[in-house]
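> Build me a structure from this.
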Amino acid sequence: MRIIFFIFLSIFSQTALAEKLLILGDSLSAAYNMEYEQGWPHLLQQDLNWQLINASISGETTAGAAARLPALLQQHQPDYVLIELGGNDGLRGFPLPAMKNNLNQIITLIKQHKAQPILMQIRIPPNYGPRYGREFTNIYPELAKQHNIVLWPFFMEKIAINSDLMLADGIHPNTEAQPQIKEIIKALINELGEE
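This is a model prediction of the structure:
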């Protein structure tokens, strides 16, 4: 009986001490058009001694995420929050100052909850025009510098150029891409631990 108790205590301690990562994203992180278990967040959880909470929603905008975030922070008390947002704002041609303000609000709120924000660079297709695309892309390093936070490269950079890894819409990664995205994020998380 005592051995069982110590095994339980050990497992409980490891779980309690594990870093907690909240993923605040859109369809790229929400296992779009596939079973949840096939998505990269679920695959990553199997490989990582961290607790992952995937709060990503397909179609999510920066405004929607900003509205949901207070309750998520209160409920989950994460150590880190990965912000994978902005793609839907860009694809819908939303005003960039409003998007930047929403992201700024999200980062500030995460910091107020003593969690560490991780901002992911997002890119949009070039058909929105060079000026809009350039201004959109520049928001991310500007915010990372302003808040002195980590900026991760867009995990779709190498995925999106390979049609075998994309759905027919040319926007979303397919099931074959998920293990590759998992490895990209896993390497970035391991770098966090080395800092």
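> Okay, helices next: where are they in the chain?
Under the criterion DSSP state H, the chain carries helices at the ranges 2-17, 40-47, 62-76, 87-91, 96-112, 130-147, 178-194.
> elements contacting the second one?
For helix 40-47, the contact count by 3 or more Cβ pairs under 8 Å, 6 or more residues apart in numbering; DSSP states H and E identifies strand 51-54, helix 178-194 as packing neighbours. From N, CA and C alone the C-beta is placed, and that goes for glycine too.
> and among those, the most buried is which?
Counting by mean count of other Cβ atoms under 10 Å, strand 51-54 has the highest mean neighbour count of the helices and strands packed on helix 40-47, with a mean of 19.
> Would you mind writing the CA trace of that strand as PDB?
Output in PDB follows, covering the C-alpha atoms of strand 51-54 (Å, rounded to 0.1, in the frame of the first residue of the first chain):
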ATOM      1  CA  GLN A  51       0.900  20.000 -20.100                       C
ATOM      2  CA  LEU A  52      -0.700  21.400 -23.300                       C
ATOM      3  CA  ILE A  53      -4.100  23.100 -23.300                       C
ATOM      4  CA  ASN A  54      -5.200  23.600 -26.900                       C
END
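> quick one: contacts of that strand?
15, 18-23, 25, 29-30, 39, 41-42, 44-45, 72, 76, 78 (Cβ atoms under 8 Å, 6 or more residues apart in numbering).
> which of these are buried?
Buried members of those, counted by 16 or more other Cβ atoms under 10 Å: 19, 21-23, 25, 29-30, 39, 41-42, 44-45, 72, 76, 78.
> any idea which of the residues you listed is the one closest to L85?
Within the buried ones among the contacts of strand 51-54, proximity to L85 (Cβ to Cβ) peaks at G25, which comes in at 6.4 Å.
> Quick check: that closest one vs I181, distance?
Separation of G25 from I181 (Cβ to Cβ, to the nearest Å): 11 Å.
> cool, and P130?
27 Å.
> now S163
The gap separating S163 from I181 is 16 Å, by Cβ to Cβ.
> what do you get for G90?
20 Å.
> What distance do you get for the nearest residue to G64 once chain neighbours are set aside to A65?
Nearest residue to G64, sequence neighbours excluded (Cβ to Cβ, 6 or more residues apart in numbering): I57, at 7.4 Å. I57 sits 8 Å away from A65, going by Cβ to Cβ.
> before we move on, what about G59?
With distances taken as Cβ to Cβ, G59 is found 11 Å from A65.
> neighbour-wise, which of the two wins?
Neighbours per residue (other Cβ atoms under 10 Å) separate G59 from A65, with A65 holding more: 25 against 13.
> need the contact list for the more buried one.
Applying Cβ under 8 Å, 6+ apart to A65 gives the contacts 24, 83, 85, 102, 106.
> of all those, which comes closest to I124?
For the contacts of A65, the closest approach to I124 (Cβ to Cβ) belongs to L85, at 12.4 Å.
> thought the closest one was touching E60?
Yes: with contact defined as Cβ atoms under 8 Å, L85 and E60 form a contacting pair (6.6 Å).
> intersection of neighbour lists for those two?
25-26.
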